[in-house]
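K.L.:
What would the 3D arrangement of this be:
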Amino acid sequence: MVDLSKGKSAPGSTPVNQEILDAKEVVVINACRCLLALLILGLSIGANRPIRARAGLLVSVPPQASGFTVEGKITERAPGKLTINSEENMLFHILYDDKTEIKQKDGKAGSPADLKVGTKVRVEGDFNDAGAIKARTITLL
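P.N.:
Numbers count the residues shown, from 1 in each chain. Have a look, this model is predicted:
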């Protein structure tokens, strides 16, 4: 404890300079903890995996369905893959497979053969770890 009226430490306490050093160490330690938490959070966001604290530990949680929808024109096509240019002029990489529902304009069932370059589509799906959209439904517009 510091006796501010005399500018000296009270008897039996840490000298003033030591208290200031101790306070600076606490600030540095807390700053390091904050930076570490931000680093872990940043890595988690980059991996599309949220982090939750459990019993004093940080645990990475597997990605959950994102429910993302995008509309745009098909600019590239390969088996199981599409590239779509959205109305906002952003490119999206789409993955599809035999479980993906493909629908015609009239709502009837479609097929991968209907997915042609230049065709406008709406894709509903979820982002994967690589940032591509795993399509659940592709609707021709």
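K.L.:
My understanding was that residue 93 contacts residue 133; is that so?
P.N.:
Yes - taking contacts as CB atoms under 8 Å, residue 93 lies within contact range of residue 133: 7.0 Å. To be clear about C-beta, it is placed using only N, CA and C from the backbone, and glycine gets the same treatment.
K.L.:
any weak-confidence spans in the protein?
P.N.:
The chain contains residues with pLDDT under 70 at 1-66.
K.L.:
Quick one: residues in contact with the lengthiest strand in it.
P.N.:
For the chain, the longest strand by residue count, based on DSSP state E, is strand 68-78. Residues outside strand 68-78 that contact it (CB atoms under 8 Å, 6 or more residues apart in numbering): 82-87, 91-92, 115-127, 133, 141.
K.L.:
Same check on stretch 128-135?
P.N.:
Under CB under 8 Å, 6+ apart, the answer for stretch 128-135 is 47-48, 63, 68, 70, 92-96, 100, 123-127.
K.L.:
re the thing from before, mind checking which of residue 93 and residue 133 has more residues around it?
P.N.:
Set residue 93 next to residue 133 and count neighbours by other CB atoms under 10 Å: residue 133 wins out with 22 against 14.
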